[in-house]
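Chemist: Below is the structure, and that's it, no one-letter string:
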Ligand code: NDP
């Protein structure tokens, strides 16, 4: 074990003593790292596209690490947030890899919405070096990350979570231990499969209502005080579809990946899950049709194409 106690010792106010490294300054990683820059000391950041990390480091007065190894060297807690677990696994090896920098006693917290099997493999590799691992995907979107109010669902050892909890509290409001390694990934995947299912089915229903002459705003007004409501009906449709704003905050490609993981978990557990499988197939097709940069809510545009109906209030 390293001689330095980590995680449990807050300084005055919200500042945390632990040395943290953050890798992956994407749409959600950037606001998470911003909170860490403000609430921990000695943050180091690394990003594949180095210019993003350099700009972040300059703006927040933190260290821009030249490689994953350099970021991890001397860090008590290393946080990763990449598209898929395979991206984390691919950064473990080599002279610039995480394993070259991580010291025994350190903890890798993977905030990627990952897959349980890969997380378990990564944890086993790290354990050989005395490095702890938890899977800790987040939910709450970019808006939740900006407010520092993400929900964090954790798989792995409860004592490891207890040690790093003060660090996670920099950007997380609700932090839940879900079970053993991979349990956080599995819960996240099922949550996002529900998001996908709600988005798609609300689009189908509202397209049918619009064609039948009902204003979708009126339909949503009813649904949102009735039993069919969801985050899609309460927030995404009113704010992003009816307005035709479709801001890009969470890529459709990533939601496709999440639903695929949920369907895979069901298959591995031998649980019949035809809705999960169908949703995975629909989102794979939409992702292929709409490309890598489309936002997840833009799947509604694809349903609009299939149905020939635009989900908007009459002019
Ligand atoms: P983005 O696509 O915006 O960013 C991905 C980040 O990972 C970038 O920093 C990118 O670097 C880096 N990256 C991509 N591929 C690799 C690779 N092979 N090796 C190293 N770095 C890589 O994704 P998000 O930030 O939106 O999502 C990150 C994770 O968080 C995903 O698992 C997603 O499902 C999850 N998530 C996202 C939410 C959201 O609202 N956006 C909400 C909740 C969870 P570069 O800058 O070089 O491209």
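Modeler: That came through, no problem. Keep in mind that what you see is a predicted model, and the values were worked out from it rather than measured.

Chemist: Contact residues of this protein facing the ligand?
Modeler: Residues of the chain lying close to the ligand by C-beta under 6 Å from any ligand atom are 24-29, 47-49, 52, 81-83, 87, 112-113, 138-139, 141-142, 249-251, 254. Using the backbone N, CA and C atoms, a C-beta is placed for each residue, glycine as well.

Chemist: And the helices in the stretch 101-250 of the chain, which stretches?
Modeler: 116-127, 141-147, 158-168, 183-211, 216-223, 231 (DSSP state H, counting those that start in this stretch).

Chemist: Make TSV out of those and add mean neighbour count and mean pLDDT.
Modeler: Supplementary listing: the helices of the stretch 101-250 of the chain in TSV, determined by neighbours: other C-beta atoms under 10 Å; pLDDT from 0 to 100:
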stretch	mean neighbour count	mean pLDDT
helix 116-127	19	98
helix 141-147	17	97
helix 158-168	18	97
helix 183-211	22	98
helix 216-223	17	98
helix 231	13	97
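
Chemist: counting contacts, what elements does the longest strand along the chain pack onto?
Modeler: If you go by DSSP state E, the chain has its longest strand at strand 172-179. Helices and strands touching strand 172-179, by 3 or more C-beta pairs under 8 Å, 6 or more residues apart in numbering; DSSP states H and E, are strand 150-155, helix 158-168, helix 183-211.

Chemist: Next, count neighbours for the nearest residue to residue 114 once chain neighbours are set aside.
Modeler: Residue nearest to residue 114 in three dimensions, not counting chain neighbours: residue 85, with 3.4 Å by C-beta to C-beta, 6 or more residues apart in numbering. Here the number of neighbours of residue 85 (other C-beta atoms under 10 Å) works out to 27.

Chemist: gap between residue 85 and residue 258?
Modeler: Going from residue 85 to residue 258 by C-beta to C-beta, to the nearest Å gives 12 Å.

Chemist: For the residue nearest to residue 114, give me the pLDDT.
Modeler: For residue 85, the pLDDT comes out at 98.

Chemist: what's near enough to touch it?
Modeler: Counting by C-beta atoms under 8 Å, 6 or more residues apart in numbering, residue 85 makes contact with 110, 112, 114-115, 118-119, 122, 185.

Chemist: 6 Å - rerun?
Modeler: When contacts are counted by C-beta atoms under 6 Å, 6 or more residues apart in numbering, residue 85 touches 112, 114-115, 118-119.
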